[in-house]
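Asks: this one's structure only:
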């Protein structure tokens, strides 16, 4: 067993739904688990955070204001070659999900009682409660989506944010389906890794609930820093809310649903409205 024999520690009182506390690991198992966590992040959102920091530094040092620059989220990878472009889009979406599969594999190797869910099911990422997860996710998305848009518009007007271009794909038949798939991929990768997996590992490593919340939220804000200060602050606040909800519900499913709905509305809405309404900034 790769993590040794665990000794159960106390669990944050906000963790709901009767979910057992992750076991606290010590000694060599603790070092092994710490290295595992760093490697998972280096292959996924930790690398994205460093990339976003470098990108933001470049934007700050470039002539002109941040609002005069653009952050393009879904762009064409093979202009004027739609089938090749589609292949690249699907390749990017598929390979981005590999760290989630790695996390699922690592979680299934943990020692656990026979009646305890393992793998991604242990994080609440499954189809046991689809309508509950979707309903909760829709409520969260409605609250965060509107306030997030207002924050972005305000930060851009104040010169603290780049102009975010959610998509610049060609007008081909696969455009909207790819945008939906991209939104779903973003939501699965971010919520499974930066909430479910990371909080579980930090709990096992003995971090305090407040420290784990701060680490998860700051990481989320940092890998959105390429959008500017508004992107960082908005996603940091979103991270705090999502960690609190995960602790309360004990499931990452509603967060995946909420994130997917927010991104679908942003990507598809921009594709349909860009250039037709005056309040929506375009590059």
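Replies: All right, it came through fine. All values derive from a computational prediction rather than experimental measurement.

Asks: what ranges do the strands span in the stretch 151-283 of the chain?
Replies: Along the stretch 151-283 of the chain, counting by DSSP state E, counting those that start in this stretch, strands occupy 163-165.

Asks: wait, the stretch 1-150 of the chain
Replies: Ranges of strands in the stretch 1-150 of the chain, per DSSP E, counting those that start in this stretch, are 7-8, 23-24, 70-72.

Asks: Make JSON lines from those and add mean neighbour count to it.
Replies: Heads up, the C-betas are built off the backbone N, CA and C, glycines and all. Shown next, in JSON lines, are the strands of the stretch 1-150 of the chain (neighbours: other Cβ atoms under 10 Å):
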{"stretch": "strand 7-8", "mean neighbour count": "10"}
{"stretch": "strand 23-24", "mean neighbour count": "18"}
{"stretch": "strand 70-72", "mean neighbour count": "17"}
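
Asks: Mind putting the ones you listed into a markdown table with mean pLDDT and distance to residue 142?
Replies: Listed next are those as a markdown table, based on pLDDT from 0 to 100; distance: least, Cβ to Cβ, whole Å:
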| stretch | mean pLDDT | distance to residue 142 |
| --- | --- | --- |
| strand 7-8 | 34 | 38 |
| strand 23-24 | 72 | 37 |
| strand 70-72 | 96 | 25 |
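
Asks: would TSV of those strands with distance to residue 140 be doable?
Replies: Converted to TSV, these look like this (distance: least, Cβ to Cβ, whole Å):
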stretch	distance to residue 140
strand 7-8	31
strand 23-24	29
strand 70-72	24
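
Asks: Any idea which of those gets closest to residue 213?
Replies: strand 23-24 (17.7 Å; Cβ to Cβ).

Asks: elements contacting that closest one?
Replies: The contact analysis (3 or more Cβ pairs under 8 Å, 6 or more residues apart in numbering; DSSP states H and E) places strand 23-24 against strand 7-8, helix 198-204.

Asks: So which of these is nearest residue 66?
Replies: The nearest among those, by Cβ to Cβ, is helix 198-204 at 28.9 Å.

Asks: That closest one packs against which elements?
Replies: strand 23-24, helix 27-42, helix 209-222, helix 229-249.

Asks: Tabulate the ones you listed (a markdown table), appending distance to residue 104.
Replies: Below are the helices and strands packed on helix 198-204 laid out as a markdown table (distance: least, Cβ to Cβ, whole Å):
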| stretch | distance to residue 104 |
| --- | --- |
| strand 23-24 | 19 |
| helix 27-42 | 11 |
| helix 209-222 | 19 |
| helix 229-249 | 17 |
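
Asks: Just name the most buried of the ones you listed.
Replies: helix 229-249 (a mean of 21; mean count of other Cβ atoms under 10 Å).

Asks: how much does that helix deviate in direction from helix 209-222?
Replies: Taking axes from the mean of the first three to the mean of the last three Cα atoms, to 10 degrees, one finds that helix 229-249 is oriented at 140 degrees with respect to helix 209-222.

Asks: Just the helices from this protein, written as ranges.
Replies: 27-42, 45-60, 82-96, 98-108, 130-157, 175-190, 198-204, 209-222, 229-249, 253-273 (DSSP state H).

Asks: distance between the third one and the chain's centre?
Replies: Going by Cα atoms, centre = their mean, to the nearest Å, the spacing between the C-alpha centre of helix 82-96 and its chain's C-alpha centre is 20 Å.

Asks: Perfect, that will be all.
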